[in-house]
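A.B. asks: here's my sequence, what's the structure:
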Amino acid sequence: MTLFIYVLTIILNLFVGVRYGKNKNKNINSFIFLLSFISVFLLMAGYRNTSGLSNDLINSEIDYNNVINGMESSYEVGYVFLMKLGGLVTDDFYFFRSGAIGLFLLLFFSAIKKWAPSPHYVISLFCTYLIVLSSEQLRYFLAFVVFSIGLSILIYSKSKRKKLYFNVLLLIASSIHFSFIIYVIFNIKKISLNSKKEKVIAILVILFSMLIFMNDNNIPGLSLLLKYVDNYKIRVYMSQTTSLGFLYPILLHLTSILLTLWAYKLSLRSNQASTLVTSEHVYKLNLLAVVFFPLFMLQWTFYRLARNILIINYYVFSDIRSSRSISYKKRKLFSVAVFLSVIIWFAVDLLITTPASNLLIPFFKENIFFTL
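C.D. replies: Predicted coordinates for the structure are as follows:
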């Protein structure tokens, strides 16, 4: 039953996104949008994992119980605040989890409806891959939602204060999961596609990555710096290596760069100035994210830094797919490439680097709402 709901949600949104776009037949759009929200909520809130192969939910439940009983938590202040709010309502972690998912999912869907050129197309891509990880990683999902809203405003809003809004939301996201603070680099005022400065930065990143590789995937001098870092989590994250596993996130992010470049090239041929501006901006952000490559060599977990910006890529992809000023044949070919890239991310993350028994099988077999 879970698999049926999952596939149906993807197909319905893909069909409506391709067939009707954002402004055509609003009755169908609204109905499918509401149905999708309910389906995604049930898929995520109903998720359980008793495999013993992933401890994310178990650790979250333990920490929630500790916090509501007055004990300290090692998690960030924003997430602790949310747990304390939850403790005022319930002492059941899964009830708190369902409430948090429902609230943040509502914010997430509202942002998609407001900013995405083709909301259903974005929902379809999200449900294909990101929904599985979002179901397992509650704290990360909550931070991701706040960050994605900020990124949507940064790219699509015409407000003069959009950078301020982005930074405020970035701080909130970082208070839930500290890793999001790294996206402060998106505040760089201007990235020129033809600037020598950007090319020099890219070359330096590549050379630095080669240096790390030759040093057994260790950043030279990092161990000395970590002695002065008080945060235990940062020391753990920064003191590990991945052997050749770093090639996976690098190759995955290269697919994002190629697709956003393709989207930018297609938008050059359209007569829609807004599409050109947003596709160029998102392409530049993906190029800028190359600076994360050295971190991929320390720990596989840092691939999330590339994964988090997939959602804004989906916005741009939906814009290209719904643009009538681009030929149908080119849009169709581009959409096939986009969906293949999502499948590649899915396969690498949920089948190759993570055994299916850890997350994927529990996602489909242990949902409390759909398991008979």
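A.B. asks: contacts, neighbours, all on C-alpha from now
C.D. replies: Fine.
A.B. asks: which residue lies nearest the spatial centre of this protein?
C.D. replies: Of all residues in the chain, the one closest to the mean position by C-alpha atoms, centre = their mean is residue 308, 2.9 Å from it.
A.B. asks: how many neighbours does the closest residue to that one other than its chain neighbours have?
C.D. replies: Of all residues not flanking residue 308 in the chain, residue 144 sits nearest, at 6.9 Å (C-alpha to C-alpha, 6 or more residues apart in numbering). If you count neighbours by other C-alpha atoms under 10 Å, residue 144 ends up with 24.
A.B. asks: and the helix or strand hosting residue 144, what other elements does it pack with?
C.D. replies: In this assignment (DSSP states H and E), residue 144 forms part of helix 138-156. Packing partners of helix 138-156 (3 or more C-alpha pairs under 8 Å, 6 or more residues apart in numbering; DSSP states H and E): helix 93-115, helix 130-136, helix 162-176, helix 273-288, helix 310-322.
A.B. asks: give me that answer again for 6 Å
C.D. replies: Under the contact criterion of 3 or more C-alpha pairs under 6 Å, 6 or more residues apart in numbering; DSSP states H and E, helix 138-156 touches helix 162-176.
A.B. asks: show me how far the helix it packs on is from its chain's centre.
C.D. replies: With C-alpha atoms, centre = their mean, to the nearest Å as the basis, helix 162-176 stands 16 Å off its chain's centre.
A.B. asks: and if you look at stretch 292-311?
C.D. replies: The answer for stretch 292-311 is 11 Å, by C-alpha atoms, centre = their mean.
A.B. asks: with stretch 31-46 instead?
C.D. replies: Centre to centre, stretch against its chain (C-alpha atoms, centre = their mean), the figure for stretch 31-46 is 18 Å.
A.B. asks: begin at 39 from here
C.D. replies: New numbering, starting at 39: the last item is stretch 69-84.
A.B. asks: contacts for it, please.
C.D. replies: Residues outside stretch 69-84 that contact it (C-alpha atoms under 6 Å, 6 or more residues apart in numbering) are 136, 173, 405-407.
A.B. asks: buried sites along it?
C.D. replies: Buried residues in stretch 69-84, counted by 16 or more other C-alpha atoms under 10 Å: 70-71, 74-75, 77-84.
A.B. asks: from these, which land in helices?
C.D. replies: 70-71, 74-75, 77-83 (DSSP state H).
A.B. asks: export those residues to a markdown table and tack on distance to residue 211 and pLDDT?
C.D. replies: Listed next are these as a markdown table, based on distance: C-alpha to C-alpha, whole Å; pLDDT from 0 to 100:
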| residue | distance to residue 211 | pLDDT |
| --- | --- | --- |
| 70 | 29 | 91 |
| 71 | 26 | 93 |
| 74 | 25 | 97 |
| 75 | 22 | 97 |
| 77 | 25 | 97 |
| 78 | 22 | 98 |
| 79 | 21 | 98 |
| 80 | 24 | 98 |
| 81 | 23 | 98 |
| 82 | 20 | 98 |
| 83 | 21 | 97 |
